[in-house]
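*Asks:* Got a predicted structure here, sequence first:
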Amino acid sequence: MAKTFAHRRHEINQTPSIEDIKARWPALFKASHLQDEFHRITTVHLESKFMSKLDEYTPKLLVLFHSKGGALGLRLQAILLKYPPSVEVYLGQVWYQVWLSEVVTVSGGSDSGRVSNWST
């Protein structure tokens, strides 16, 4: 894939259909090759970057999902009921307990960032 990158990029920039790309370059539809291609283009490791950003935004996403109403809210509630009711998150210099309906400060202190611990 690395040897054909310039040719492949030229073809893809011509905006062919997804079916044409899949027929011509099937490896681009496999996770490992897609990650390699992303790294070739951006020099960023896709999976680790995605997971770190997911860790960063999970508390806000949980609060957003819980606040949705209507049919979408009902579908999200069914999914959220399968998981623990809260998560502890370290942001800056403060630990937060994220309940699916609100965010409250738990304690101050210093530790490493990211979603740290699921509470049961």
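*Replies:* Received, thanks.

*Asks:* how about low-confidence regions in the protein?
*Replies:* For the chain, the stretches with pLDDT under 70 are 1-2, 83-120.

*Asks:* Tell me how many other residues crowd Glu37.
*Replies:* Using other CB atoms under 10 Å, Glu37 is surrounded by 19 other residues. Placement of C-beta: from N, CA and C, glycine included.

*Asks:* Now do the same for the residue nearest to it when sequence neighbours are not counted: helix, strand or coil?
*Replies:* Among residues not flanking Glu37 along the chain, Leu28 sits closest, at 6.2 Å (CB to CB, 6 or more residues apart in numbering). Following DSSP: H, G, I helix; E, B strand; the rest coil, we place Leu28 in the helix state.

*Asks:* need the contact list for Leu28.
*Replies:* Ile21, Lys22, Leu34, Glu37 (CB atoms under 8 Å, 6 or more residues apart in numbering).

*Asks:* next structured bit after the one helix or strand the last one maps to?
*Replies:* Element membership of Glu37 [criterion: DSSP states H and E] is helix 31-42. Counting by DSSP H and E, the next helix or strand C-terminal to helix 31-42 is helix 46-67.

*Asks:* what inclination does that following helix have with respect to helix 31-42?
*Replies:* 100 degrees (axes from the mean of the first three to the mean of the last three CA atoms, to 10 degrees).

*Asks:* Can you tell me which helices and strands helix 46-67 packs against?
*Replies:* When contacts are defined as 3 or more CB pairs under 8 Å, 6 or more residues apart in numbering; DSSP states H and E, helix 46-67 sits against helix 31-42, helix 70-80, strand 86-91, strand 94-99, strand 102-108, strand 114-119.

*Asks:* run the last query once more with 7 Å
*Replies:* Judged by 3 or more CB pairs under 7 Å, 6 or more residues apart in numbering; DSSP states H and E, helix 46-67 is in contact with helix 31-42, helix 70-80, strand 86-91, strand 94-99, strand 114-119.
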